[in-house]
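S.K.: give me coordinates for this.
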Amino acid sequence: MMKTILKLEGISKKFGVVNALSAIDLSVASGEIHALLGENGAGKSTLMKILSGIYRPDRGRIVIDGEERSFAGYNDAIAAGIAIIFQEFNLVPYLNAVENIFLGREITNAAGLLSKTAMKRKAQEIFDKLDIDIDLALEVGQLTSAQQQFVEIGKALLLDARILILDEPTATLTPNEAEHLFSIMRDLRRRGVAMIFISHHLEEIFQVCDRITVLRDGVNVGVAETAGITQDELVEMMVGRKLENNFPAKPEPVAPHARKMALEVEAIQITRHSPRNSFTLHAGEILGFAGLVGSGRTELALAVIGANPSYLKQVKVNGVPARLRDTADALALGIGLLPESRKTEGLILDFSVKDNMSINNLAKYSGSGRWIDRKHELQASNEMIRKLGVKTPDALTRVVNLSGGNQQKVVIARWLNHHCKILIFDEPTRGIDVGAKAEIYQLMRELTAGGYAIIMISSELPEIVGMCDRVAVFRQGAIVKILEQPSINANEVMRHATTSPEPAYA
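M.R.: Down below sits the predicted model:
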């Protein structure tokens, strides 16, 4: 049995009248990868911020190597051997990787001047150990998300952390990059580093973790050995109920002649030399855009609505030829986008729920006058909150205080409020817990039952297979196959995504 390096005992934390954490116990051993799971709002981030010195607990003890510790700030936690890799990167974009890794911990020479050569050499040693190729001269803002993630890991390794917290580290990684991260984690485990791993991808938990602690509503509801629990049992611990089926039942296929056309992309070419694509979207259906990361799914969708330029575009909306020069044209024709990054592109986090829902449609509340009817605006926002089941204290709550699933619902509400009947969902459940995923899936099905048309771009194969009525499979910028029931399965999607037959049109 490995030696316990960390114990959290009776950790409690309140924010106002809200109990964020209630008497949480958690123990982690040296050389253990310990999963911390729970729905958004369960208390995971609060607990980790207490462990890393960002918050002070109201009650409870932090014990490291048998000694009680108290942290007045993040630097105290670092000094105790704790490092955290946040879900939102904590990097300075205009500094390079070396400067970010050594920020606040610079190496100086005898004269007190920066020793850039020594820092670069040490950084290169770290990345060599990680088997990562990064241009150390480039500003971090010019690196890929995966490279930025490994810069964050490099910072932690520089600290010689004995306890490493990884908060959703695979959210922006491809499967191959994620597997590389897991190999690094296994190597750290062999070296005795204790890790706390937070992820909404349950398959990752079973792939890399030794034990699991589950939080629900700020309470520790159980600890399990990974080898001794099933995924269904884990989900039930997290949400407090059985989820019989994550995906709602699909409607019966409609005969082609009975389908109402919502969007016809007769031809689209992003550049002069890129593939020419064509596809259709019907009212009442979910059309999946599937393929490997980098296959061109999002780029094509953005080009269709005018968010990205295109070399050639012939589009009909509701049977009428349309000029989609920019997103204003798309919005005027009832096309809304839920972007891949809801926090940076889909929401204004410091604005209220109400303001985020109505920001694209303020004219609706002003009538012919110059002033906004705030009462009408608030009533409409409350109706959307009720209709979509947004969990928020009220419409005036800042969006930054909502969970990921509820933030996504706010983005959806904005477009429904604008009477958008064609919706593009780009990675709609990324960073969302399993219970909230089921709610988003159900909402999407309710929308299509009401005549809405949805394009769903997703990197999660089970989601594509479970939710989509038809699937456009992408490879190297081309739609290579349109799958329909009953041919929609993971094997078929991957077969077409990794081979290159002639482009398919539908």
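S.K.: could you chop this protein up by domain?
M.R.: 4-239, 258-497 (automatic domain parsing).
S.K.: pull the contacting residues for D58.
M.R.: Counting by CB atoms under 8 Å, 6 or more residues apart in numbering, D58 touches 12-14. Yep, even glycine has a C-beta here, placed from its N, CA and C like the rest.
S.K.: how close does it get to L292?
M.R.: Note on D58: its distance to L292, by CB to CB, to the nearest Å, is 47 Å.
S.K.: kindly report the same for Y311.
M.R.: 23 Å.
S.K.: give me the more crowded residue out of these two.
M.R.: Remark: of Y311 and L292, L292 carries more neighbours, 18 against 13, as counted by other CB atoms under 10 Å.
S.K.: what score does the closest residue to that one other than its chain neighbours have for pLDDT?
M.R.: The spatial neighbour of L292 that comes closest, neighbours along the chain excluded (CB to CB, 6 or more residues apart in numbering), is A497 at 5.5 Å. Model confidence at A497, given as pLDDT, is 84.
S.K.: and A497, its phi and psi?
M.R.: Dihedral pair for A497: phi -70, psi -20, per degrees, to the nearest 10.
S.K.: shouldn't it be in contact with A290?
M.R.: Yes. Using CB atoms under 8 Å, A497 is in contact with A290, at 6.6 Å.
S.K.: spit out the residues that contact the two alike.
M.R.: Contact criterion CB under 8 Å, 6+ apart; residues shared by A497 and A290: 473-474.
S.K.: higher neighbour count, these two?
M.R.: Neighbours per residue (other CB under 10 Å) separate A497 from A290, with A290 holding more: 29 against 19.
S.K.: please look at the more buried one and R495 and confirm they touch.
M.R.: No. A290 is not in contact with R495 according to CB under 8 Å; the separation is 11.5 Å.
S.K.: residue contacts, the closest residue to G73 other than its chain neighbours?
M.R.: Sequence neighbours aside, G53 is the residue nearest to G73 in space, at 5.1 Å (criterion: CB to CB, 6+ apart). Taking CB under 8 Å, 6+ apart, we find G53 in contact with 71-78, 82.
S.K.: apply 7 Å and report the result again.
M.R.: 71, 73-74, 76-77 (CB atoms under 7 Å, 6 or more residues apart in numbering).
S.K.: and the helix or strand encompassing E99, what does it pack onto?
M.R.: Element membership of E99, judged by DSSP states H and E, is helix 97-101. Counting by 3 or more CB pairs under 7 Å, 6 or more residues apart in numbering; DSSP states H and E, the packing neighbours recorded for helix 97-101 are helix 116-130, helix 145-158.
S.K.: so how far is stretch 78-95 from its chain's centroid?
M.R.: Offset of stretch 78-95 from its chain centre (CA atoms, centre = their mean, to the nearest Å): 19 Å.
S.K.: span of it from start to end?
M.R.: Across stretch 78-95, the terminal residues are separated by 22 Å (CA to CA, to the nearest Å).
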